[in-house]
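# kindly generate the corresponding structure for this input.
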Amino acid sequence: MIRTHAAIVLKATPYAEGGAVVSFLTEHGERLSGVARGIKKPTAKWVAAFEPMGMVRVSFFGKEHAELKRVTRCELAFSPLTLGHLASSLVMACLADLFDRVAREGVEDDRLYRLLSACGRALKAHPDNALGILAYAEHWLLHCLGLLPHPRVCGRCGNDQAPLALLTPDQGWCCTACTPVDPTEALPAGVREYLRRLRTGSAEEAPWLDPSDQAQAATTALLRALLLQELGGELRSYAVLWQTLW
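Alright, predicted model coming up:
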């Protein structure tokens, strides 16, 4: 049986005889993997199609319930790669790593595909905002996983005006009006507004990284730690990102 999908390339892992096991996120939000043979050969016609974050049209051959199918065709439809832009390339690796962990075989969630494809196009349009787009993706991944409560009102007292003080596992976002917190440990003013911008804007409108914006920095660090904890700890792509850019 041959199945063809619009998909996004996530990761290619070396396999026997110059091949690779390639994972994809399909348009339905399902993670699928297949063996692509001979992609390391100089004459291979589809090497460029397996770059992380490339949007492709891919065909798989194999039995319906086979653990690994064979990739018979892979055509690159869109690549977010901007040659020579280091930060954008590093963020693409992080995004591919994240979605490779989050997406599941046999489980469809088309929100994942819509989010990743939007981030890929945003990176192509605004490579200089790569870190802002990564923060945008992390925020929405937490939402897709059901781990991020709405910040409109305090989960403890319902206040929708007081600054947010912290994020708790049980009550979600809690505000300064009902939550006694040491001022040195509370979230900076402006967190609610930054979260609103993430929730209401598109990936191409993701807030640009501003080192002087304490609310942005604190929120990004908090959400990133929560997401990576959920995924089992630090990802290698993130370690490379930090070592290279900082």
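
# select the longest strand from the protein.
The longest strand of the chain (DSSP state E) is strand 2-15.

# centre of the chain to that strand, how far?
17 Å (C-alpha atoms, centre = their mean, to the nearest Å).

# show me the shaky parts of this protein.
Residue ranges of the chain with pLDDT under 70: 40-48.

# now do the strands in it.
Going by DSSP E, the chain shows strands at 2-15, 19-26, 31-36, 55-61, 69-78, 164-168, 172-175.

# pull out the buried positions in the longest strand of the chain.
5, 7-12, 15 (16 or more other C-beta atoms under 10 Å). Yep, even glycine has a C-beta here, placed from its N, CA and C like the rest.

# next: stretch 162-176.
163-167, 172-176.

# how many other residues sit next to residue 226?
17 (other C-beta atoms under 10 Å).

# er, residue 242 I mean
10.

# contact partners for it?
By C-beta atoms under 8 Å, 6 or more residues apart in numbering, residue 242 lies in contact with nothing.

# which residues sit in contact with the residue nearest in space to the middle of the chain?
Closest to where the C-alpha atoms of the chain average out (C-alpha atoms, centre = their mean) is residue 95, at 3.9 Å. Residue 95 sits next to 52-53, 116, 119-120, 134, 137 when contact means C-beta under 8 Å, 6+ apart.

# again, only this time at 10 Å
Residue 95 makes contacts with 8, 10, 52-53, 80, 115-116, 119-120, 123, 130, 133-134, 137-138, 141, 237, as judged by C-beta atoms under 10 Å, 6 or more residues apart in numbering.

# show me where the protein has helices.
86-102, 110-125, 130-144, 191-200, 214-230, 236-245 (DSSP state H).

# so which of the ones you listed gets nearest residue 183?
Taking C-beta to C-beta, helix 214-230 is the member of the helices of the chain nearest to residue 183, at 12.8 Å.

# just the buried positions in the closest one, please.
215-220, 223-224, 226-228.

# and of the residues you listed, the nearest to residue 205?
residue 216 (14.4 Å).

# I figured that closest one hits residue 207, correct?
Yes - contact criterion C-beta atoms under 10 Å: residue 216 and residue 207 qualify, at 6.4 Å.

# what residues do these two have in common as contacts?
The contact sets of residue 216 and residue 207 overlap at 132, 135, 193-194, 197-198 (C-beta under 10 Å, 6+ apart).

# which of those residues sits closest to residue 22?
residue 135 (27.4 Å).

# now the closest one. Nearest residue, chain neighbours left out?
residue 220 (4.6 Å; C-beta to C-beta, 6 or more residues apart in numbering).

# return the residues in contact with the one you found.
Counting by C-beta under 10 Å, 6+ apart, residue 220 touches 131-132, 134-136, 138-139, 194, 198, 207, 209, 213.
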